[in-house]
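Trainee: here you go, sequence then predicted model.
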Amino acid sequence: MKVYMDNNATTSLKKEVLEEMLPYYTEIYGNASSKFYEVGRAAEAAVLEIRERVAKQLGAKTNEIYFTASGCEADNWAIKGVAFANKNKGNHIITSKIEHHAVLSACEFLEKNGFEVTYLDVDKTGRVSPDDVEKAIRDNTILVSIMTANNEIGTIEPISEIAEVCKRHKVIFHTDSVQAIGHMPINVAELGVDMLSLSAHKFHGPKGVGVLYIRNGVRIDNLIHGGGQERGKRAATENVAGMAGLAKALELANTDLAEKTEKMKHLRDMLISGIQEKIPYCRLNGPADDTRLCNNVNFSFQYIEGESILMLLDMKGIAASSGSACASGSLDPSHVLLAIGLPHEIAHGSLRLSVGEDTTEEEVNYVLEVLPPIIERLRAMSPLYEEIMRKENK
Ligand SMILES: *Cc1c(COP(=O)(O)O)cnc(C)c1O
């Protein structure tokens with residue numbers, strides 16, 4: 001049996017999405033900036049229509065939607081672009097310790113270039129407190145960036161409350177919604193945010209295309225210089241097929257969203273309670289209430305390494321993750337797990353299982369059958385676990 005449980009890392013491309021993309025590789029291949037012939041004008045018209053569709057899905061205006069080549073680019077642009085464009089007003093930025101590396105590394109880059117960054121602590125479920133945001137705001141604060149939902153432990157942050165705080169203090173507010181799309185309703189007007197990032201491949205769209213929503217009136221510098229695409233704000237020949245795929249995937253993600261969310265929650269909770277019942281000495285990371293992303297499960301298993309669990313799961317056909325895929329290859333414990341207070345040795349032994357729209361109960365049951373003996377086998381090889389068992393006379 002093959003089971004894909006790493007939907008927080010990426011998702012499969014839907015057939016309908018691929019079909020929507022194909023004509024822009026074959027028939028409507030023109031450069032959307034070439035207006036002197038038909039096939040160019042057709043591409044230009046397509047881009048306009050696609051932008052409208054994306055804006056409608058997000059509750060934004062058409063001229064507030066900017067396409068990028070990834071979620072990472074959208075995050076980088078939001079943070080560096082606002083910092084550089086507003087440095088006459090101040091040089092202070094507020095973010096949290098559990099942001100995606102796209103945000104954290106962009107902030108670290110700015111620190112090397114004369115900006116000051118406050119990295120807010122989170123509580124033990126990963127929640128950022130709106131009060132802490134307010135307390136951290138100073139006269140020279142120009143930007144706050146807090147993610148909508150965390151990619152490792154699934155915490156949904158109080159985004160509209162934080163947006164309120166920022167509005168009151170006239171500070172620009174950006175949120176990384178890459179994990180939220182397809183898992184909860186996202187409307188920029190309802191959230192009250194100034195900027196929002198998303199990435200198509202996290203909701204069954206193609207890889208290599210994202211969006212940055214920029215509310216009209218936000219001052220932001222360009223990151224990619226060159227031609228006048230994206231209304232002069234981001235150079236690069238339009239990736240029309242990618243944009244079309246993103247629009248279609250976003251429409252499909254928002255179709256029957258409540259129903260799909262309920263289904264994913266059910267599978268998520270089957271995994272959580274199944275693991276808690278069958279495996280001793282485990283710890284659920286992230287919230288256990290409705291502030292948890294509907295598709296995310298993250299456990300620490302004491303006395304063993306996350307990587308060895310992944311290897312044995314892979315041998316059983318199960319794709320899962322330990323920490324975030326971007327950081328894999330490094331053996332450092334996850335910055336998110338350290339931020340919620342886990343000691344180093346426990347932050348190493350974590351496993352993330354993320355279900356998707358297509359996950360079945362049968363697949364969940366297979367994981368629940370395969371995982372406990374794997375944990376038991378690895379613990380049997382752990383001298384630490386042996387000692388604990390001896391002490392407890394088990
Ligand atoms: C995946 C992810 C990103 C990066 O998106 P890419 O399109 O892969 O660059 C950014 N933020 C979060 C929260 C993510 O999960």
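Mentor: Received, thanks.

Trainee: which residues touch residue 130?
Mentor: 158, 161, 162, 164, 165 (C-beta atoms under 8 Å, 6 or more residues apart in numbering). C-betas here are computed from N, CA, C, even on glycine.

Trainee: what residues does the chain have near the ligand?
Mentor: 70-72, 75, 100, 102, 147, 151, 176, 178-179, 199, 201-202, 210 (C-beta under 6 Å from any ligand atom).

Trainee: from the residues you listed, which land in helices?
Mentor: Of the residues of the chain next to the ligand, the ones assigned to helices by DSSP state H are 71, 72, 75, 102.

Trainee: which residues does stretch 150-160 contact?
Mentor: In contact with stretch 150-160 (C-beta under 8 Å, 6+ apart) are residues 8, 96, 98, 100, 122, 125-128, 130, 146-149, 175, 178-180, 184, 190-193, 285-287, 291-293, 295-298, 323-324, 334, 336-337, 340, 352.

Trainee: the stretch 1-150 of the chain: helices as residue ranges?
Mentor: Here the stretch 1-150 of the chain has its helices, by DSSP state H, counting those that start in this stretch, at 15-21, 23-26, 38-58, 71-85, 101-111, 130-136.

Trainee: of all of this protein, which residue lies closest to the ligand?
Mentor: Closest to the ligand within the chain is residue 71: 2.5 Å, counting by C-beta to the nearest ligand atom.

Trainee: local confidence estimate at the nearest residue to that residue once chain neighbours are set aside?
Mentor: Nearest residue to residue 71, sequence neighbours excluded (C-beta to C-beta, 6 or more residues apart in numbering): residue 199, at 3.1 Å. pLDDT for residue 199: 98.

Trainee: wait, doesn't residue 199 sit right on residue 177?
Mentor: No - the criterion here is C-beta atoms under 8 Å, and residue 199 misses it with residue 177 at 9.2 Å.

Trainee: show me where the stretch 251-394 of the chain has strands.
Mentor: Assigned by DSSP state E, counting those that start in this stretch, the stretch 251-394 of the chain shows strands spanning 282-284, 296-301, 318-319, 350-354.

Trainee: give me the residues contacting the longest one.
Mentor: Right, the one you point to is strand 296-301. 8, 152-154, 179, 268, 271-272, 275, 279, 281-286, 309, 337, 342, 346-347, 349-355, 375, 379.

Trainee: can I have it written out in PDB, keeping just the CAs?
Mentor: Only the C-alpha atoms of strand 296-301 are listed here, as PDB (Å, rounded to 0.1, in the frame of the first residue of the first chain):
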ATOM      1  CA  ASN A 296      -2.000  18.300  10.600                       C
ATOM      2  CA  VAL A 297      -0.800  15.700  13.100                       C
ATOM      3  CA  ASN A 298       2.600  16.200  14.900                       C
ATOM      4  CA  PHE A 299       3.900  13.900  17.600                       C
ATOM      5  CA  SER A 300       7.100  13.600  19.500                       C
ATOM      6  CA  PHE A 301       8.100  10.100  20.500                       C
END
